[in-house]
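[1] predicted model, plus sequence, below.
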Amino acid sequence: MTINDQLDKWDRENFFHPSTHLAKHARGESPSRIITGGSGVFIEDRDGVRLLDAFSGLYCVNVGYGRTEISDAIAEQAKTLAYYHSYVGHGTEASITLAKMVLERAPAHMSKVYFGLSGSDANETNVKLIWYYNNILGRPQKKKIISRWRGYHGSGLMTGSLTGLELFHNKFDLPLAGVFHTEAPFYFRRQNLEQSESEFVAHCVAELEALIAREGADTIAAFIGEPVLGTGGLVPPPAGYWPAIQAVLTKHEILLIADEVVTGFGRLGTMFGSTHYGMEPDLITIAKGLTSAYAPLSGSIVSEKMWAVLEQGTDENGPIGHGWTYSAHPICAAAGVANLKLIDDLGLMKNAGEVGAYLNTAMHKALGSHANVGDIRGEGMLCAVEFVEDRASRRFFDAGKTIGAQVAAALLKRGVIGRAMPQGDIVGFAPPFCLTRPEADQVVDAMVGAVTEVLG
């Protein structure tokens, strides 16, 4: 029973919700949930329903809910200096300190951080910087970007184009020209079931090489990829994938953007996915874990190689023509400083690796032999369960049966939030880093109950 039906009415009459069936929501045919509080790995709605958020909001509340260390830092910054811009050399103590902290944690060859507000705008920044870079180097034709099917890089015009999921393209006239997609490193969904993991990696490399040959290496500027595919299914890469891809990019002078919006700052049990998988990016995209979503903040970390060319460009052409009003917003930067300190002080990155491994192992033990469970996969504090109609032949369910959504709904009834991922019957988990082993057991137990309810 709701305690404030007027609020629900206002919600349906006034609020445009992202990634929502707009008509059903406006008509009251789909549920709304109004969240009022949270602590640790739990959130609570206005009806007093307490839920274990095993997806950290949108894989972003990494330190957990209710951390007063961060809220106090936000309040103090707001009282001291709520805003000043970062144009033409202006900065604040918070923004300068955070930039230093980010670079102390980033791979050694990274040089500077540009701050934005969302992962989408950070990837827009990355593309602009790459185009600028190639123009300064006298390569105006080298502008195309290669992404991967099932990758997620945002939902703007360019970033929605880079995203390799149908939902973000349909009826939006995307992808834009100059964006191309290649094979996703999704071994479970390989077309040739006879391929070994190493053979599948070789296939991914061959597909990339063929695309480069078709388009011309002299026209391709960059390749963008998440260290672990996120919204496309929570898919760790097969062994050897990233070194093999990196070799192709190096050979053809194609820059690498590592989209670490999900994996950055500890989710894999390491500070960055780039170092976890031996990637050598020219740009790193950061967002969610930078502040644990206590305030909106993103960043583009620029390599030394790129930074030298950007400096050259401003010597030749004057100040760089790029910036957002809220870049390096001091309140958001203060949240980032407090958040990164908290990750260190509480040992949350280590916990993410250890309890994440426990969660994955427990999920395998509980559901690995179920007739309709095709794959259980994960890395660090990421875990996914993918369902199939027939396990032996790897025959997938008809999409209209919405098995993944049904399992997620049954899970919710048991007090746990998991996410039904797009383009497949996949339920994903990305809990806060502070998850305990008993809480991981609660997630697994609820998942077993949900799967039993839907599939027997």
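    Structure received. Note that the structure is predicted; figures quoted are calculated from it, not measured. Numbering: from 1, shown residues only.

[2] from here on, contacts and neighbour counts on C-alpha atoms
    Noted.

[3] neighbours of the closest residue to His329 other than its chain neighbours, just the number please.
    Closest residue to His329 apart from its sequence neighbours, by C-alpha to C-alpha, 6 or more residues apart in numbering: Tyr83 at 6.3 Å. Burial of Tyr83, expressed as a neighbour count using other C-alpha atoms under 10 Å, amounts to 15.

[4] Tyr83 is in contact with Cys332, isn't it?
    No. The pair Tyr83 / Cys332 is not scored as a contact, 9.8 Å apart, by C-alpha atoms under 8 Å.

[5] just to revisit the earlier point, so who does the residue nearest to His329 touch?
    By C-alpha atoms under 8 Å, 6 or more residues apart in numbering, the contact list for Tyr83 reads 329-331.

[6] what's the answer for Ala446, then?
    411, 414-416.

[7] any chance of the contacts of Tyr83 in CSV, with secondary structure too?
    Putting the contacts of Tyr83 into CSV (DSSP: H, G, I helix; E, B strand; the rest coil) gives the following:
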residue, secondary structure
His329, coil
Pro330, helix
Ile331, helix
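
[8] closest to Lys144 among these?
    Nearest to Lys144 among the contacts of Tyr83 is His329, at 31.4 Å by C-alpha to C-alpha.

[9] I'd say the closest one and Glu93 touch.
    No. Between His329 and Glu93 there is no contact under C-alpha under 8 Å: 11.0 Å.

[10] in CSV: the contacts of Tyr83, plus pLDDT and distance to Phe396.
    As requested, those are arranged in CSV below (pLDDT from 0 to 100; distance: C-alpha to C-alpha, whole Å):
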residue, pLDDT, distance to Phe396
His329, 98, 46
Pro330, 98, 48
Ile331, 98, 47
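
[11] just the closest of those to Asn170, please.
    Once C-alpha to C-alpha is applied, the member of the contacts of Tyr83 that ends up nearest Asn170 is His329, at 33.8 Å.

[12] can I get stretch 330-345 as CSV, trimmed to CA atoms?
    This file holds the C-alpha atoms of stretch 330-345, laid out as CSV (Å, rounded to 0.1, in the frame of the first residue of the first chain):
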residue,chain,number,x,y,z
PRO,A,330,33.6,21.5,-7.1
ILE,A,331,30.7,19.8,-5.3
CYS,A,332,31.1,16.7,-7.5
ALA,A,333,34.9,16.8,-7.2
ALA,A,334,34.6,16.9,-3.4
ALA,A,335,32.4,13.8,-3.6
GLY,A,336,35.1,12.1,-5.7
VAL,A,337,37.9,12.9,-3.3
ALA,A,338,35.9,11.6,-0.3
ASN,A,339,34.8,8.5,-2.3
LEU,A,340,38.3,7.5,-3.4
LYS,A,341,39.6,8.0,0.1
LEU,A,342,36.8,5.7,1.4
ILE,A,343,37.6,3.0,-1.1
ASP,A,344,41.2,3.0,0.2
ASP,A,345,40.4,3.4,3.9
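
[13] which strands or helices does the host helix or strand of Ala405 pack on?
    Using DSSP states H and E, the element containing Ala405 is helix 403-413. Packing partners of helix 403-413 (3 or more C-alpha pairs under 8 Å, 6 or more residues apart in numbering; DSSP states H and E): strand 383-387, strand 419-421, strand 426-429, helix 437-455.

[14] Thr275: which of these is closest?
    Going by C-alpha to C-alpha, the one of the helices and strands packed on helix 403-413 nearest Thr275 is strand 383-387, 20.1 Å.

[15] could you tell me which strands that closest one is paired with, and in which direction each runs?
    According to DSSP bridges, strand 383-387 forms sheet pairs with strand 373-378 (antiparallel), strand 426-429 (antiparallel).
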